[in-house]
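A.B. asks: here is the input, now give the coordinates:
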Amino acid sequence: MITDRPVIGISLMLGFCIVAPFGDAVAKLLGASVPLAQVVLIRFAVQLIILAPLVWLSRRPLRIRGLVLWLTILRTLLHIAGIAAMFTALKYLPLADAVAIVFVMPFFMLILGKYVLSEEVGGRRLLACVAGFGGTLLIVQPSFSEVGWPAILPIFVAANFSVFILITRKIAKHTDPISLQAVSGAMAVALMIPAIWGGEKLGIVAFTMITPDTDQWFLLLAIGILGSLAHLLMTWSLRYAPAATLAPMQYLEIPIATLIGLVIFNELPDGWAMVGIGVTMTAGVYILIREGAIQRRLDAVTPQQPAE
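C.D. replies: Predicted structure coming up:
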């Protein structure tokens, strides 16, 4: 059993918060020149190429069957849809806006917990949900007036990944996290190849394939490597520090994405969007801190099983 080492866990999560926005920035760079389906396909193919040898060398279990198999397929479909929606949003929105809007996800998780899992949710957390969603609308509004429907795609991404996380929690006890990502990468490639073939036959632009030039190949490989590395950093961070400690740190993605957007794309959120980002971050961190406090109280009153 691995003992908690918070400094290592926090360092790994900080690495995730830096790597993930860089992956989004690469997706934004590719969006103007490489069809969407090709970017998604190569992103998952690189994930498979990186993780499959890691699984084999570490002799991790790969077999998935029964209900867990079907849930893994559904999880993979959600992952494909979420990434495709995020990459599309990044074509039209400033990097910081797109990343910040996705952080409405804790509010969706709270709502799903209350109405799907019948979890107890107090008034203060519901009020924080309303405030956070209001902050999200402040971020969306200026972008929506400029680009229309793509501005709400990150909200779909947040809802999508909320369900994705619930499914991941459901199957987590029955799978190894690295093996799960390797299997998911293989499933995504197997699903994307016929989808691209069919989409290209139907003349759907997003499903066409091109021959990338050297720069495009570099960016395509980078997006796969960054996506895989981000997942590994998050997975490893949770091995060394509690989720309650690490979850609020993810909001560091927003200022980091703002800085990357400014340096690479010369983008900066407008005044209302900045206010919205502040409200969303504050409400989200509050919810995560409250969740942690409630979980600690529940753990304290749960009777310990006697040792056998």
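
A.B. asks: just how off-centre is stretch 104-119 within its chain?
C.D. replies: Shown here is stretch 104-119, whose average C-alpha point lies 17 Å from the average C-alpha point of the whole chain (CA atoms, centre = their mean, to the nearest Å).

A.B. asks: stretch 93-109 too?
C.D. replies: Taking CA atoms, centre = their mean, one finds stretch 93-109 lying 10 Å from the centre of the chain it belongs to.

A.B. asks: who's in contact with stretch 196-211?
C.D. replies: Contacts made with stretch 196-211 from outside it, assessed by CB atoms under 8 Å, 6 or more residues apart in numbering, are listed as 34-38, 41, 195. Any C-beta I mention is one placed from the backbone N, CA and C, and that applies to glycine too.

A.B. asks: list just the nearest of the residues you listed to residue 263.
C.D. replies: The shortest distance between residue 263 and any of the contacts of stretch 196-211, using CB to CB, involves residue 34 and amounts to 22.1 Å.

A.B. asks: check contacts around the closest one.
C.D. replies: 210, 212, 216, 219-220.

A.B. asks: give the buried residues for stretch 78-90.
C.D. replies: Neighbour-count burial for stretch 78-90, with 16 or more other CB atoms under 10 Å as criterion, is recorded at 78-90.

A.B. asks: name the nearest residue to residue 33, sequence neighbours excluded.
C.D. replies: When the adjacent residues along the chain are set aside, residue 33 lies closest to residue 216, with 6.3 Å between them (CB to CB, 6 or more residues apart in numbering).

A.B. asks: hey, C-alpha coordinates of stretch 185-203 in PDB?
C.D. replies: Output for stretch 185-203, consisting of C-alpha atoms alone and laid out as PDB, is shown next (Å, rounded to 0.1, in the frame of the first residue of the first chain):
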ATOM      1  CA  GLY A 185      -7.500   4.000 -26.600                       C
ATOM      2  CA  ALA A 186      -7.900   0.700 -28.600                       C
ATOM      3  CA  MET A 187     -11.700   1.000 -28.500                       C
ATOM      4  CA  ALA A 188     -11.600   4.600 -29.700                       C
ATOM      5  CA  VAL A 189      -9.300   3.800 -32.600                       C
ATOM      6  CA  ALA A 190     -11.500   0.800 -33.600                       C
ATOM      7  CA  LEU A 191     -14.600   3.100 -33.400                       C
ATOM      8  CA  MET A 192     -13.100   6.100 -35.200                       C
ATOM      9  CA  ILE A 193     -11.700   4.300 -38.300                       C
ATOM     10  CA  PRO A 194     -15.100   3.100 -39.600                       C
ATOM     11  CA  ALA A 195     -16.700   6.400 -38.600                       C
ATOM     12  CA  ILE A 196     -14.100   8.300 -40.600                       C
ATOM     13  CA  TRP A 197     -14.600   6.000 -43.600                       C
ATOM     14  CA  GLY A 198     -18.400   6.500 -43.500                       C
ATOM     15  CA  GLY A 199     -18.200  10.200 -42.900                       C
ATOM     16  CA  GLU A 200     -15.800  10.700 -45.800                       C
ATOM     17  CA  LYS A 201     -18.100   8.700 -48.100                       C
ATOM     18  CA  LEU A 202     -20.900  11.000 -47.100                       C
ATOM     19  CA  GLY A 203     -18.800  14.100 -47.800                       C
END
